[in-house]
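A.B. asks: model this:
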Amino acid sequence: MAHTDDHRPSSSGPIRHETSDANLGGVERLTVITFAFLACVFALIYVVYFQLKAREDRLDTPPPAIAQRRGDRLPPLPRLQTTPVADLKQFRAAEEAALNTYRWVDKQAGIAQVPVARAIELIAEHGLPARPVLSAPGAATAPGAAAGQPAPAAPVKP
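C.D. replies: The predicted model follows:
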């Protein structure tokens with residue numbers, strides 16, 4: 001068949017096609033060679049990867065003792081808040097309980113905690129307690145002065 005032949009379907013017979021140019025054996029060989037090449041490349045990558053990994057494991061320093069701990073894995077304080085909304089609610093509830101409850105601070109000394117509102121009412125009714133007058137340690141009292149009263153100040157020389 002010459003290259004000048006008309007390959008269009010003819011009305012006189014079946015469709016003709018050229019059979020001499022397509023070489024399927026070459027395509028099969030190319031496919032086999034490609035897959036063999038890829039297999040060699042993957043095998044080489046596999047070997048190099050594990051050699052480098054083994055080298056890195058040999059040269060790597062062991063992790064610190066804190067990283068090998070079991071159990072509590074929390075970092076040392078102070079830590080970031082993980083639940084700030086719940087923490088704030090818990091904090092405010094504790095503050096409200098401290099401000100609005102009665103409790104003994106020191107029962108033997110007679111010191112009690114009173115809610116803030118009640119303490120304000122008690123101070124409004126009875127006033128603030130009187131403060132005791134204390135003298136400075138080592139200060140002498142004047143003769144004839146009553147106990148608990150400070151001594152008169154000495155005159156200052158210019």
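
A.B. asks: so which residue is smack in the middle of this protein?
C.D. replies: Against the mean C-alpha coordinate of the chain, by C-alpha atoms, centre = their mean, the closest residue is Leu80 at 5.0 Å.

A.B. asks: confirm it sits in a helix?
C.D. replies: No: counting by DSSP: H, G, I helix; E, B strand; the rest coil, Leu80 is not part of a helix but coil.

A.B. asks: how far away is it from Lys89?
C.D. replies: Per C-beta to C-beta, to the nearest Å, Leu80 is found 18 Å from Lys89. C-beta: built from backbone N, CA, C; applies to glycine.

A.B. asks: what's the answer for Arg131, then?
C.D. replies: 40 Å.

A.B. asks: so which of these two has more stuff around it?
C.D. replies: Ranked by neighbour count (other C-beta atoms under 10 Å), Arg131 and Lys89 place Lys89 first, with 11 against 6.

A.B. asks: tell me the buried residues in the top helix by length along the chain?
C.D. replies: When secondary structure is assigned using DSSP state H, the longest helix within the chain turns out to be helix 24-59. Of the residues in helix 24-59, none are scored as buried under the neighbour-count criterion (16 or more other C-beta atoms under 10 Å).

A.B. asks: helices and strands around it, which ones?
C.D. replies: Using 3 or more C-beta pairs under 8 Å, 6 or more residues apart in numbering; DSSP states H and E as the contact criterion, no helix or strand is in contact with helix 24-59.

A.B. asks: centre of the chain versus it, how much separation?
C.D. replies: Helix 24-59 sits 43 Å away from the centroid of its parent chain (C-alpha atoms, centre = their mean, to the nearest Å).

A.B. asks: model confidence over that helix, on average?
C.D. replies: Averaging pLDDT along helix 24-59 gives 94.

A.B. asks: could you point out which element follows that helix?
C.D. replies: Toward the C-terminus, helix 24-59 is succeeded by helix 84-99 as the next helix or strand (DSSP states H and E).

A.B. asks: helix or strand right after that next one?
C.D. replies: The first helix or strand that comes after helix 84-99 along the chain, using DSSP H and E, is strand 103-106.
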